[in-house]
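structure for this input, please:
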Amino acid sequence: MNENAKTKLVLEYTGMDDFSCPVYKDQFGKLWKDIDLGKEPEPNLYSLSFNHIDGEPSHPIQQEYTFHPAPYQRSSYEFEYRMLSKLQSDCEYYLGYGNRSPSILCNHSVQNHIARMKELWNGFPTDQKPEWLTWEQLLQYEKVMTETGIPVKNCSD
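Coordinates of the predicted model:
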């Protein structure tokens, strides 16, 4: 019998495949895919064809396993994070190649756009605020986008 088959697998999250399935690697280098997309508390793991991150799920895991660290879990705020990121990208475009055209902003208004960003940002619990957009950066977008005659610059710098 294969020694690896007796060993408890230790799985470490390695990233997402092209279909947003979390992928784990065990201590022997074998990849396992969570076909439930990280939405369930206990991942539904399958081996991968050709042991490739984008391989098709092949066989369900049969061995005992544990995670180090804990398994990947999708945030219940995933949509809000994505929306805030999109709105931030719109700000950068507005200030750059968009030539300050309000047509790309929420309701074609800087005030409405920034208000929506603040609403999303304030909707996150204190311990889950986005690290990639601080409140100060958001206020900087507001300042630069509402004042006229300010040279265009990247607010995320």
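
CA atoms only: put the helix or strand residue 79 falls within into CSV for me.
Per DSSP states H and E, residue 79 falls inside helix 78-95. Below are the C-alpha coordinates for helix 78-95, written out as CSV (Å, rounded to 0.1, in the frame of the first residue of the first chain):
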residue,chain,number,x,y,z
GLU,A,78,-17.7,39.8,-1.6
PHE,A,79,-20.1,41.7,-3.8
GLU,A,80,-19.7,44.9,-1.8
TYR,A,81,-15.9,44.7,-2.1
ARG,A,82,-16.1,44.2,-5.8
MET,A,83,-18.5,47.1,-6.2
LEU,A,84,-16.3,49.4,-4.2
SER,A,85,-13.3,48.4,-6.3
LYS,A,86,-15.3,49.1,-9.5
LEU,A,87,-16.3,52.5,-8.2
GLN,A,88,-12.7,53.3,-7.3
SER,A,89,-11.6,52.3,-10.8
ASP,A,90,-14.2,54.6,-12.1
CYS,A,91,-12.7,57.4,-10.0
GLU,A,92,-9.3,56.8,-11.5
TYR,A,93,-10.7,56.7,-15.0
TYR,A,94,-12.6,59.9,-14.4
LEU,A,95,-9.5,61.7,-13.2
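
hmm, who's touching it?
Helix 78-95 is contacted from outside by 75, 100-102, 104-106, 110, 113, 116-117, 120-121, 123-124, 130, 132-133, 141, 144-145, 152-156, using CB atoms under 8 Å, 6 or more residues apart in numbering. Glycine gets a C-beta too; all of them are placed from N, C-alpha and C.

can you show me the helices along this structure?
Taking DSSP state H, the helices of the chain run over residues 3-6, 78-95, 110-122, 135-146.

with respect to residue 54, which of these lies nearest?
helix 78-95 (21.2 Å; CB to CB).

what is the orientation angle of the closest one with helix 110-122?
Going by axes from the mean of the first three to the mean of the last three CA atoms, to 10 degrees, helix 78-95 is angled at 150 degrees with respect to helix 110-122.

going forward, begin numbering at 218 instead of 1
Done: numbering now begins at 218, and the last item shifts to helix 295-312.
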